[in-house]
Structure formats: C-alpha cells, structure tokens
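Student: need a 3D model of the sequence below.
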Amino acid sequence: MIKKGDLYLIPNTIGRQEINYSIPIEVIKIIKELNYFIAENEKVTRSFIKLIAPEKSQKNIVINILNKHTSINESNSFLDECLKGKSIGLVSDAGCPAIADPGSSLIANAHLLKIKVRPLVGASSIFLALMSSGMNGQNFAFNGYLPIEKNERRKEIKFLEKKVVANSQSQIFMETPYRNDSLFEDLLKILSVSTRLCVASDITLENEEIRTKTIKEWRNNKKMKLNKRPTIFIIDKY
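Tutor: Okay, the predicted model is just below:
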C-alpha cells in the first residue's frame, strides 16, 4: 500500500520581500523539497518559490490553480498526487492559506481522504493587526469583506457595532485596497463616538502604520491616508 503524501499549508509574505523576516527556515526547507503546488495565482507563486529557492528548476514545478472559478470536482483532483505518495503545498498569495483566502474545501476533502494536513508557521495580517490593536483578543470575529453596495455596507457596519456591544467581541474586517478610503469615511460617519477603531495598514512594510482611537478622536484628528494600502480594520469598545 502506497503511503500518502502530506498537504502542507504554506504561508506567503504579506508585503515585505525579505524572506527571513516572516518565513521560518523549516518552511523554506519544505518548499525546496516540493514539486507540486496549489495556488490562487501561478505567476505570484512561481515568483515566491524562485525567491525561496532560486536554484529550483521551474519546469519541474507543477502548479494547479485554485480560485473562485475552480469547480469542487477539479479542486479535489488536485490531491491526486498525495494519493500517489507525493506531498503538495497549498500556497497563499499573501499571508496564510484558507484565511481570507481559497482552500478550505480542499483541506476538508484532504481530511476525508485521510491525507495528513500540515499547517506551517507564517504571518497573517489579520492576527498581527489584532495583536497590535489593544483590543479584545480573547473574543473576536473575522468578517471578511463588507458589502460593496453603500446602503448594505452601512447596515453591516451598524450590525457589527451591535455585535461588539452584545457579545463584548472585537470585529475584524477588510476591504479591497482601492475602496479603503470610502470604507474609512463610512466608519467615521456611522459608528458611535465611543467605539474604538483600529486601522492597521502596510503591516510588516517599512511604512507600517497601526493606530487605535475612538471615533471621536478619529473625527477630530484623522490624518491617515489609506489610498491603496493593504489595511485591516477592527472595532471594539472599552
């Protein structure tokens, strides 16, 4: 009977290109040993692998694409190499796989097939933002992206603020970078003056900026341009 390969969950950097800053040596060793990968974007993943292992032959690397257009049947076939005894790496474009990223259904299927799932250590902007926010890290919820439509988004902001109060729970969310400023303005208009808002931009980059203030303080002294900077938002109350 063939011993199954493992499914490694491989974190990527979250902006900073110095590999040793956020990718441990043991993770680098595993990447160098693998030839089969699953990724959201082939070009991004090949660049990441080349950065980690420039000596590795790109023609020997097989990358299957897992994104919103990939059917479940197709993604399940990506695990065939594990069943043949070869280990596979599921790589995120940025941060950790399956957290605000595709991959959870594939990982669930790996468990059904009794393929060993091995999560590897790496950076997550979501958790780094929460760590540095000064907000409740004992009880929190990640809400992903808020609705695009303005009225729906405003309703969601009010709903999340109610959850903060009802559950004493920090609420974490994000936005596509080019819509950051629009969301930021809505938060300042809609949230109550006593609600705290953390805005964490460019985490791990040289111009990293993480600020936590009440809405009243933000309104009085905003002075933070988000533009297209990758940003995590967190709301909470004292």
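Student: so residue 134 sits against residue 210, correct?
Tutor: No: using C-beta atoms under 8 Å, residue 134 is not in contact with residue 210, being 9.6 Å away. Backbone N, C-alpha and C define where each C-beta goes, glycine included.
Student: out of the two, which sits in the busier spot?
Tutor: In terms of neighbours (other C-beta atoms under 10 Å), residue 210 is the more surrounded of residue 134 and residue 210; the figures are 19 against 13.
Student: and that one, what does it touch?
Tutor: Shown in contact with residue 210 (C-beta atoms under 8 Å, 6 or more residues apart in numbering): 129, 132-133, 198-201, 203.
Student: which of those residues fall in strands?
Tutor: 198-201 (DSSP state E).
Student: now render those residues as CSV, adding pLDDT, neighbour count and distance to residue 69.
Tutor: CSV is the format used below for these (pLDDT from 0 to 100; neighbours: other C-beta atoms under 10 Å; distance: C-beta to C-beta, whole Å):
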residue, pLDDT, neighbour count, distance to residue 69
198, 98, 21, 34
199, 97, 23, 32
200, 97, 26, 30
201, 96, 23, 30
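Student: now flag whichever of those residues is closest to residue 102.
Tutor: residue 200 (23.0 Å; C-beta to C-beta).
Student: ok, back up a step: can you check which residues contact both of residue 134 and residue 210?
Tutor: residue 198.
Student: okay, now the unreliable bits of this protein?
Tutor: The chain contains residues with pLDDT under 70 at 16-17.
Student: and the helices in it, which stretches?
Tutor: All helices of the chain, identified by DSSP state H, fall at 19-22, 25-33, 42-52, 72-77, 80-83, 104-112, 125-133, 150-167, 180-190, 215-220.
Student: looking at those, which is buried most?
Tutor: helix 125-133 (a mean of 20; mean count of other C-beta atoms under 10 Å).
Student: many thanks, have a good one.
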